[in-house]
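Colleague: heads up, no residue letters with this:
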Ligand SMILES: O=C(O)c1ccccc1N[C@@H]1O[C@H](COP(=O)(O)O)[C@@H](O)[C@H]1O
């Protein structure tokens, strides 16, 4: 069985980046979305990059980004993937992948089984799907709000490309989420924070341990 991939998302400081790496995270997420309490500018990303070893992936999380915004982030040379977390169409996902030359992940907002079935449209366009909970109507953010969906919706669903699970994961439920879904990758943000946008070193450590019990 291959190793579980763990993405700690919404990082912004050297201390918490270091903690995620030490805890065994395989992927680090950096949110570039002005409305988010986790927003980081390209310059912050550039400054954090040197402390991240090459084997750890660096993923920018964006919501319906413009090409200009993408160009500025990609020019930092700090990234290894782009995560699109808005209403980007399969055509837009494919165009971003072709133009910027990085793997592109598509977040799929899930409330019902139909949402999961609709994700098939991204096969051939996205390099990875990330099944996340749909946030409430009118919410300020499309992710990062600690909302989970019914994990049993993923049972028995054939998924033809790499994928991950996010949305409301935390220290107390991550093992159950993996058991129910068989997710090869998990992604967490607010579940390892002490307040919105403030990552907790202790929670990052505990989450990674809970996800990979000995
Ligand atoms: O974290 C954010 O602020 C954010 C903003 C805009 C789009 C996505 C965002 N985060 C992503 O949402 C998932 C789930 O978050 P949570 O664990 O439920 O808090 C997170 O892993 C990010 O990929």
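Modeller: Arrived safely. All figures in this text were calculated on a predicted structure; none of them were measured in a lab. Residues are numbered from 1 along each chain as shown.

Colleague: tell me, what residue is most central in the protein?
Modeller: For the chain, the residue whose C-alpha lies nearest the mean C-alpha position (CA atoms, centre = their mean) is residue 187; its distance is 5.2 Å.

Colleague: Count residues in the vicinity of residue 179, would you?
Modeller: Residue crowding around residue 179 was assessed by other CB atoms under 10 Å; the count is 10. C-beta: built from backbone N, CA, C; applies to glycine.

Colleague: part of a helix, is it?
Modeller: Yes - assessed with DSSP: H, G, I helix; E, B strand; the rest coil, residue 179 lies in a helix.

Colleague: can you start the count at 102 instead of 1 from here on
Modeller: In the new count, where the first residue is 102, that last one comes out as residue 280.

Colleague: need the helices for the protein, in chain order.
Modeller: 115-124, 143-149, 168-175, 191-201, 214-219, 275-282, 302-312 (DSSP state H).

Colleague: Tell me the residues on this structure that lie near the ligand, please.
Modeller: Within reach of the ligand by CB under 6 Å from any ligand atom, the chain has these residues: 110-111, 130, 132, 134, 137, 139, 162, 164, 186, 233, 242-248, 267-270, 288-292.

Colleague: Looking at those residues, which are in strands?
Modeller: Among the residues of the chain next to the ligand, DSSP state E puts 130, 132, 162, 233, 267, 288-289 in strands.

Colleague: Chain neighbours aside, what residue packs nearest to residue 205?
Modeller: residue 198 (4.4 Å; CB to CB, 6 or more residues apart in numbering).
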